[in-house]
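Trainee: Sequence unavailable; structure follows:
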């Protein structure tokens, strides 16, 4: 019987340079997608998957992230005094139980693998999840929840994957597929950011992982990979070579790359249009703007 996945690592130490100047004072993970920060979407997804312990790998300048998950007694009391129970309930969704959340510092930006390795002392002999908040996934059933259910049958290591166009393949870790079984593929290799002519498939790894503790042992070796960084995909590929099962999971849902400005804007529009309180006004505005653009182009 597989052990339950109850811990998740959130690597959030990046500087967010693509969103400067906003990220000069505001961590990218706190930037709001409609009316919730990016990190809240990741937390909600983790909770839906049964995660009980949340480990954030941070860096200098991320104190606002820590404050976000703390209680705010003054604000809560003010909302209570005004009878704003709906807002009070919304605010409570951001609170974390004492001991449920931990913060680890990554002092040097040495790659995703290194960020995960920084949390090694909080991971014992148990599987754990890794969630990259930049990847926001809209789904009827949370992506990580889908993976946890599938992991109960497969064990091993599992990565979320999606098919990407050849011109984008060099931005991702890519699977070398051994057997394609539909929603699940068994993996015989992984390549980090290959040129499109060298890519073994078009199945790219997205920011959701369920990993065994052997990955931490592989990361202990501090082997540098693509870009001179310690790559998580290299540590997972090492498990393949050692005979452990590695699987890709084609999740059901739409992924938005909120690490880019265009992806963030697309996500904002998509999530807003899915809201009953926003979709009418926003769709009307978008239709009017498209008409104006078409007239200007004629």
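Mentor: On my side now, so go ahead. Nothing here was measured: the structure is a model prediction, and the numbers come from that model. Residues are numbered from 1 along each chain as shown.
Trainee: Look at residue 147 and say how many residues are nearby.
Mentor: Applying other CB atoms under 10 Å, we find 23 residues neighbouring residue 147. Placement of C-beta: from N, CA and C, glycine included.
Trainee: dump the residue contacts of it.
Mentor: By CB atoms under 8 Å, 6 or more residues apart in numbering, the contact set of residue 147 is 49, 129, 158, 160, 208, 210, 249, 251.
Trainee: Going by distance to residue 182, which of these wins?
Mentor: Nearest to residue 182 among these: residue 249, at 10.4 Å, using CB to CB.
Trainee: where's the residue lying closest to residue 279 once chain neighbours are set aside relative to residue 247, distance?
Mentor: Nearest-residue entry for residue 279: residue 273, 4.9 Å, with adjacent residues in sequence omitted and distances by CB to CB, 6 or more residues apart in numbering. Separation of residue 273 from residue 247 (CB to CB, to the nearest Å): 33 Å.
Trainee: More neighbours: those two, which one.
Mentor: Higher neighbour count among residue 273 and residue 247: residue 247, with 25 against 13, using other CB under 10 Å.
Trainee: In this structure the more buried one contacts residue 188, no?
Mentor: No. With contact defined as CB atoms under 8 Å, residue 247 does not count as touching residue 188 (11.2 Å).
Trainee: Now do the same contact list for the closest residue in space to residue 184 that isn't next to it in sequence.
Mentor: Spatial nearest neighbour of residue 184, chain neighbours left out: residue 247 (5.5 Å); criterion: CB to CB, 6+ apart. Neighbour list for residue 247: 150, 154, 156, 157, 158, 159, 184, 185, 186, 187 [criterion: CB under 8 Å, 6+ apart].
Trainee: hey, where'd the helices end up in the chain?
Mentor: 38-48, 63-68, 73-81, 85-92, 112-117, 143-154, 214-219, 232-241, 261-273, 279-297 (DSSP state H).
Trainee: Which one, of those helices, ends up nearest to residue 165?
Mentor: Among the helices of the chain, the nearest to residue 165 by CB to CB is helix 261-273 (14.6 Å).
Trainee: so what are the domain limits for the protein?
Mentor: With domains defined by automatic domain parsing, the chain comprises 7-257, 260-298.
Trainee: Let me know which of those domains is tucked in deepest.
Mentor: domain 7-257 (a mean of 18; mean count of other CB atoms under 10 Å).
Trainee: as a whole number, average confidence for it?
Mentor: Regarding domain 7-257, the rounded mean pLDDT is 88.
Trainee: end-to-end on it?
Mentor: End-to-end distance for domain 7-257: 24 Å, by CA to CA, to the nearest Å.
Trainee: now swap in stretch 104-118 and tell me
Mentor: Using CA to CA, one end of stretch 104-118 lies 7 Å from the other.
Trainee: Name the residues that touch it?
Mentor: With contacts defined as CB under 8 Å, 6+ apart, stretch 104-118 is touched by 9, 11, 13-15, 55-60, 119, 122, 130, 132, 211, 215-216, 219-220, 222, 225, 227, 229-235.
Trainee: again, 7 Å this time
Mentor: Outside stretch 104-118, the residues that touch it by CB atoms under 7 Å, 6 or more residues apart in numbering are 9, 11, 13, 55, 57-59, 119, 130, 216, 219, 229-232, 234-235.
Trainee: Restricted to strands, list those residues.
Mentor: Judged by DSSP state E, the subset of the contacts of stretch 104-118 located in strands is 9, 11, 55, 57, 58, 130.
Trainee: who's in contact with the first one?
Mentor: With CB under 7 Å, 6+ apart as the criterion, the residues that contact residue 9 are 55, 57, 116, 119, 128, 130.
Trainee: tell me which of the residues you listed is nearest to residue 5?
Mentor: Residue 5 has its nearest neighbour among those in residue 128, at 6.7 Å by CB to CB.
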